[in-house]
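Colleague: how does the following fold in three dimensions:
(chains A and B)
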Amino acid sequence: ELKVEQNPLFLSMQEGKNYTIYCNYSTTSDRLYWYRQDPGKSLESLFVLLSNGAVKQEGRLMASLDTKARLSTLHITAAVHDLSATYFCAVEETSGSRLTFGEGTQLTVNP
Amino acid sequence: DTEVTQTPKHLVMGMTNKKSLKCEQHMGHRAMYWYKQKAKKPPELMFVYSYEKLSINESVPSRFSPECPNSSLLNLHLHALQPEDSALYLCASSQDRTGGWNEQFFGPGTRLTVL
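Modeller: Below is the predicted model:
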């Protein structure tokens, strides 16, 4: 059974600081997705990572994938309040389109 | 059109009611999903339809009944629900690339309250 672990689960940051969210998974996969969810809202797709060494950047967020270590990271640079949300990583099983989600990281960026 | 739509946005129902949730996509996707999400938890997969056929049922109680009338529409029929079924119900769709990747696009969700 595929297991996905995120850490930290809660992250309180000061504006302007950098931090990294980690996503570890238990079985072989080269398809990993990052989603953002604002309170009471749906999931918004942030990044699609499809190969070992893949790196994607959008604004202050950068995601990477190391399939050998079974690890993805979401790096936040110079955080701003608008980044406050819950971030989920999700791994797609190679046998089908099922996604297994991590528990989510609730990020709060304080002024 | 890269949007998944869901209706209604909010639904309050009693335990004896019958209601339906609706989901629609016009991206030509051939896989559609229902998820249940409780507060501060990740989405939990309920059902997957692939090419209009039910391909995954995650042992969901029979008071939830999915239906896929065509490749663009997905319904979730609700009957005799319990208060613990109160949650955000999310619909998603994706391509259905066998052996390939399948990014899922989520609708805005239906906030369900069971009294």
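Colleague: right, and B:Q95 touches B:H29 too?
Modeller: Yes - with contact defined as C-beta atoms under 8 Å, B:Q95 counts as touching B:H29 (5.7 Å). All C-beta spots, glycine's among them, are computed from the backbone N, C-alpha and C.
Colleague: near chain A, which residues of chain B are found?
Modeller: Neighbours of chain A within chain B, by C-beta under 8 Å from any C-beta of the partner chain: B:31, B:40-43, B:45, B:48, B:50, B:56, B:90, B:94, B:96, B:99, B:101-109, B:111.
Colleague: recalculate using a threshold of 7 Å.
Modeller: Residues of chain B lying close to chain A (C-beta under 7 Å from any C-beta of the partner chain) are B:31, B:42-43, B:45, B:56, B:90, B:94, B:96, B:101-109.
Colleague: just the ones of those residues in strands?
Modeller: B:31, B:45, B:56, B:90, B:94, B:105-106 (DSSP state E).
Colleague: just the buried ones from the residues of chain B next to chain A?
Modeller: B:31, B:42-43, B:45, B:56, B:90, B:94, B:96, B:101-109 (16 or more other C-beta atoms under 10 Å in any protein chain shown).
Colleague: which ones are touching residue 24?
Modeller: Here I'm looking at chain A. By C-beta atoms under 7 Å, 6 or more residues apart in numbering or on different chains, A:N24 lies in contact with A:5, A:70-71.
Colleague: chain B, not that one
Modeller: Applying C-beta under 7 Å, 6+ apart, the residues contacting B:E24 are B:5, B:72-73.
Colleague: element containing it?
Modeller: strand B:18-25 (DSSP states H and E).
Colleague: partners of that strand, with directions?
Modeller: Partners of strand B:18-25 in the sheet, by DSSP bridges, are strand B:4-7 (antiparallel), strand B:73-79 (antiparallel).
Colleague: please produce a markdown table containing these, extended by mean neighbour count and mean pLDDT.
Modeller: Listed next are the strands paired with strand B:18-25 as a markdown table, based on neighbours: other C-beta atoms under 10 Å in any protein chain shown; pLDDT from 0 to 100:
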| stretch | mean neighbour count | mean pLDDT |
| --- | --- | --- |
| strand B:4-7 | 18 | 97 |
| strand B:73-79 | 18 | 97 |
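Colleague: please name whichever of those strands is nearest to A:L11.
Modeller: Nearest to A:L11, of all the strands paired with strand B:18-25, is strand B:4-7, at 28.8 Å by C-beta to C-beta.
Colleague: just after that closest one, pick out the following helix or strand.
Modeller: strand B:10-13.
Colleague: which positions in that next one come out as buried?
Modeller: Buried, per 16+ other C-beta under 10 Å, within strand B:10-13: B:11, B:13.
Colleague: check stretch A:76-84 too.
Modeller: Quick answer for stretch A:76-84 (16+ other C-beta under 10 Å): A:76, A:79, A:83-84.
Colleague: what bridges to the spatially most central residue of chain B?
Modeller: By C-alpha atoms, centre = their mean, chain B has its centre lying nearest to B:W34, at 2.6 Å. Residues in a beta bridge with B:W34, per DSSP bridges, are B:F47, B:C91.
Colleague: and the pLDDT at it?
Modeller: We have a pLDDT of 98 for B:W34.
Colleague: tell me who's in contact with it.
Modeller: So B:W34 contacts B:46-47, B:66, B:74, B:76, B:89, B:91 (C-beta under 7 Å, 6+ apart).
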